[in-house]
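Enquirer: Quick check, what structure comes out for this input:
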Amino acid sequence: MAETYVFVPGAWQGAWAWRPVAARLRADGHRVATLTLPGLADGDGGQRFELADTVDFLAGFLEENDLSGVTLVGHSWGGYPVFGAAHRVPERLRRVVFYSAFVPENDVPLIEDVPPGHAALFRQLARDGSVMLPYQVWESAFVQETPEPVRKLLFDLLVPQPMSYFEQALKAPELSTLGVPISYLAGESDLAMPPGDYAWCPRFPARLGVQPIAVPGDHQAFVTRPEEFVAVLDGLTAS
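Expert: Numbers count the residues shown, from 1 in each chain. Now for the predicted structure:
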C-alpha cells in the first residue's frame with residue numbers, strides 16, 4: 001500500500017539530507033516530500049527567523065497540499081517543528097516518527113535540553129543570529145562511522161542554523177494528547193547527544209511513552225545507510 005511521507009531535517013540541514021531515503025521510498029511507489037525549513041536554505045541568514053516560522057511552514061505545507069494520512073518524520077532538532085505542526089494539524093497525520101530527535105517539553109527551549117557544555121558552545125559560536133556546527137564536533141559525534149571524504153562533503157552542505165531555533169520554546173501539551181501513533185527511532189551508535197543523562201534514550205522516548213526502535217548507524221545513518229533506514233520505516237507502516 002502506498003504511503004505519504006513528509007521528512008523534516010535536523011539543524012544545519014535541508015531537504016537534501018533526506019534524498020537517499022526519499023528516492024528509495026518513491027521507487028517503491030510511495031508519495032514523499034522532503035522539506036527545507038525557513039532559515040535553512042543557503043544564504044537565508046538567521047536574524048529574521050523565529051521557531052514559530054518553522055511550525056507555520058510545516059503545518060501550512062500539509063494544509064496547502066491537502067495531504068492526509070501522512071507519516072511525518074523529524075530528525076534531531078527537527079523534532080521541534082514536527083512537534084508543533086502535529087498539534088496544529090493532527091487530523092492529517094497517520095503517524096509521527098522521531099529519529100534521534102528532540103521531543104520538546106512545554107515551554108522548554110532546546111538550549112535548556114542539551115548538556116551545559118553544548119549550550120555554552122552554541123552561545124559562544126553564535127554570530128549575526130546564527131550558529132554553525134564546528135567540523136570537529138561534526139566528525140566525532142554526528143558522522144563518526146562515515147568515511148572521511150563523505151564526512152567532509154556532508155559538512156560542506158551544512159548551513160548556519162538560526163540561533164532563535166535553539167533559544168525559543170513551544171507551548172503545547174504532550175503529543176500523547178493527540179491520539180496519533182508515535183514512534184521513536186534511535187541510531188545504535190548515535191553520539192550527537194552524549195551517553196548518560198542527556199542521551200537520546202531513554203530520555204526522549206520516555207516523554208512519548210514509547211520504546212525506542214534501534215536503527216543501525218550514527219546520527220546521519222539515513223543519509224549513509226538509507227536501505228536499512230527504509231527497512232525500519234517499512235516495518236512501522238506495516239504494523
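
Enquirer: Give me the buried positions along stretch 223-233.
Expert: Buried residues in stretch 223-233, counted by 16 or more other Cβ atoms under 10 Å: Val223, Thr224, Arg225, Pro226, Phe229, Val230, Val232, Leu233. Just so you know, the C-beta spots here come from the backbone N, C-alpha and C atoms, and that holds for glycine as well.

Enquirer: After the helix or strand where Ala206 lies, which helix or strand is next?
Expert: Using DSSP states H and E, Ala206 maps to helix 203-208. Using DSSP H and E, the helix or strand that follows helix 203-208 in sequence is strand 213-215.

Enquirer: Wait, Ser176 touches Ile182, no?
Expert: Yes - counting by Cβ atoms under 8 Å, Ile182 is a contact partner of Ser176 at 7.5 Å.

Enquirer: Excluding chain neighbours, what is closest to the most centrally placed residue in the chain?
Expert: Against the mean C-alpha coordinate of the chain, by Cα atoms, centre = their mean, the closest residue is His75 at 1.9 Å. In this structure, His75 finds its nearest non-sequential neighbour in Gly10, 4.2 Å apart by Cβ to Cβ, 6 or more residues apart in numbering.

Enquirer: That neighbour belongs to a helix, doesn't it?
Expert: No - secondary structure of Gly10 (DSSP: H, G, I helix; E, B strand; the rest coil): coil, not part of a helix.

Enquirer: and it, how far is that from Arg92?
Expert: Gly10 is 22 Å from Arg92, where distance means Cβ to Cβ, to the nearest Å.

Enquirer: Report the contact partners of Val55.
Expert: Residues near Val55 by Cβ atoms under 8 Å, 6 or more residues apart in numbering: Pro81, Gly84, Ala85, Arg88, Leu170.
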